[in-house]
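**Q** the amino acid sequence is not available; the structure is as follows:
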């Protein structure tokens with residue numbers, strides 16, 4: 001079996017992709033205002049990175065974040081250009097007393113989330129086209145699926161940027177150097193990116209021996225990045241979330257999380273996203289439902305379904321309360337292309 005990765009699309013594809021992403025970002029601009037309002041009014045549970053951004057920029061109202069949020073410094077700095085570029089955007093019934101700096105920082109993260117959502121959808125389209133040889137209709141469905149599923153994460157914070165990196169990482173898996181570079185950046189973007197790739201690539205190496213020639217180097221890159229993150233956390237002592245570094249507390253966290261799952265909130269925030277992703281994964285991996293992949297290996301396999309319970313287990317042990325659905329949904333890019341192929345067939349489009 002050849003171990004060559006899928007062919008890289010012509011360089012002329014990149015300008016067209018960027019132009020399409022820009023046009024889509026403008027067309028979907030109302031989503032920015034939705035995200036901004038949800039953030040400003042604290043309508044959804046979220047990690048508020050605005051004070052951290054203000055602290056990094058030396059603006060009034062800033063406060064440095066605790067662990068693990070402080071280690072995601074590149075995700076926070078990614079919002080900095082929008083802090084300076086966007087005007088102050090007051091909304092109807094804006095909570096009184098909010099400083100201008102807070103308004104600007106909140107709007108900056110809303111714009112970052114909006115662009116990351118669009119970027120993830122476009123990256124999913126290119127992933128389907130270039131890595132799975134999917135026809136345009138199937139690739140379009142894959143992009144729409146990821147855009148919709150992203151709203152099951154903490155969409156008003158930095159999760160959309162993590163999903164963008166995960167989708168780009170899948171695209172770069174056949175190119176070890178590019179993938180390793182992305183993993184290195186991810187150390188300071190979001191540790192969930194590293195967890196997804198370390199677990200997924202590890203599963204594939206363990207369960208699908210024929211993939212080992214292609215996936216060993218990417219897995220080693222994800223392992224090295226995860227070890228680097230671990231060294232950063234243990235070497236740079238930032239207070240907060242100490243339970244994640246104390247194995248003795250994992251059992252208590254697990255018990256607390258399991259008890260939370262039986263509530264209505266647990267069903268909606270955890271059970272529903274997990275069930276939805278599992279249903280899409282199972283449907284997409286039926287025989288004949290997947291688009292053909294590139295020469296020599298298959299990027300999407302039924303073994304990937306094990307990522308769903310594995311990510312759920314990680315969330316139950318390492319996070320608190322209602323984070324299972326959000327964390328599991330970070331694995332969504334693994335299932336988009338097979339699910340899109342199934343939906344295309346169901347909708348009557350020509351089978352790939």
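**A** On my side now, so go ahead. Since this is a predicted model, take the numbers as computed values, not measurements. Numbering: from 1, shown residues only.

**Q** can you pull the buried residues of the lengthiest helix in the chain?
**A** For the chain, the helix with the greatest residue count under DSSP state H is helix 100-126. Neighbour counts using 16 or more other Cβ atoms under 10 Å place 101-126 of helix 100-126 among the buried residues. Glycine gets a C-beta too; all of them are placed from N, C-alpha and C.

**Q** which secondary structure elements does the very next helix or strand once past it contact?
**A** Moving toward the C-terminus from helix 100-126, the next helix or strand (DSSP states H and E) is helix 136-149. Helices and strands touching helix 136-149, as assessed by 3 or more Cβ pairs under 8 Å, 6 or more residues apart in numbering; DSSP states H and E, comprise helix 100-126, helix 272-284, helix 336-346.

**Q** the longest one vs helix 136-149, what angle?
**A** Angle of helix 100-126 versus helix 136-149, following axes from the mean of the first three to the mean of the last three Cα atoms, to 10 degrees, is 150 degrees.

**Q** distance between helix 100-126 and the chain's centre?
**A** Relative to its chain's centre, helix 100-126 lies at 13 Å (Cα atoms, centre = their mean, to the nearest Å).

**Q** equivalent analysis for the second one, please.
**A** Using Cα atoms, centre = their mean, the distance from the centre of helix 272-284 to the centre of the chain it belongs to is 17 Å.

**Q** ok, now stretch 71-80?
**A** Centroid separation for stretch 71-80 versus its chain: 15 Å, with Cα atoms, centre = their mean.

**Q** endpoint to endpoint, it covers what distance?
**A** 16 Å (Cα to Cα, to the nearest Å).

**Q** now that stretch: buried residues?
**A** Neighbour-count burial for stretch 71-80, counted by 16+ other Cβ under 10 Å, picks out 71-72, 75-76, 78-79.

**Q** same check on stretch 47-57?
**A** By neighbour count with 16+ other Cβ under 10 Å, stretch 47-57 contains the buried residues 48-57.

**Q** nearest to residue 142 among those?
**A** Residue 142 lies nearest to residue 49 out of those, by Cβ to Cβ, at 28.8 Å.

**Q** can you name the helix or strand that the closest residue to the closest one other than its chain neighbours falls in?
**A** Using Cβ to Cβ, 6 or more residues apart in numbering and skipping the chain neighbours, the partner closest in space to residue 49 is residue 76 (5.3 Å). Take DSSP H and E as the rule and residue 76 turns out to sit in helix 73-77.

**Q** low pLDDT regions in the protein?
**A** Along the chain, the model assigns pLDDT under 70 to residues 1-12, 240-255, 257-261, 266, 287-297, 320-322, 349-352.

**Q** mind redoing it with 90?
**A** Applying pLDDT under 90 to the chain flags the ranges 1-15, 42-46, 66-68, 90-98, 132-133, 233-271, 285-299, 313-325, 341-352.

**Q** centre-most residue in it?
**A** The residue lying closest to the centre of the chain (Cα atoms, centre = their mean) is residue 163, at 1.9 Å.

**Q** that one sits in which helix or strand?
**A** Residue 163 belongs to helix 159-172 when elements are defined using DSSP H and E.

**Q** what is that helix packed up against?
**A** Of the remaining helices and strands, those touching helix 159-172 by 3+ Cβ pairs under 8 Å, 6+ apart are helix 100-126, helix 176-186, helix 191-207.

**Q** distance to residue 135 added to these, as JSON lines?
**A** Listed next are these as JSON lines, based on distance: least, Cβ to Cβ, whole Å:
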{"stretch": "helix 100-126", "distance to residue 135": "11"}
{"stretch": "helix 176-186", "distance to residue 135": "26"}
{"stretch": "helix 191-207", "distance to residue 135": "26"}
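
**Q** all helices of the stretch 201-350 of the chain, in order?
**A** 212-235, 250-260, 264-266, 272-284, 307-318, 324-328, 336-346 (DSSP state H, counting those that start in this stretch).

**Q** now do the contacts for the residue nearest to the centre of the chain.
**A** The neighbours of residue 163, taking Cβ atoms under 8 Å, 6 or more residues apart in numbering as the test, are 116, 120, 146, 150, 153, 330, 332-333.

**Q** any chance of these in a markdown table, plus distance to residue 179?
**A** Formatted as a markdown table, the contacts of residue 163 follow (distance: Cβ to Cβ, whole Å):
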| residue | distance to residue 179 |
| --- | --- |
| 116 | 19 |
| 120 | 17 |
| 146 | 19 |
| 150 | 22 |
| 153 | 22 |
| 330 | 17 |
| 332 | 19 |
| 333 | 14 |
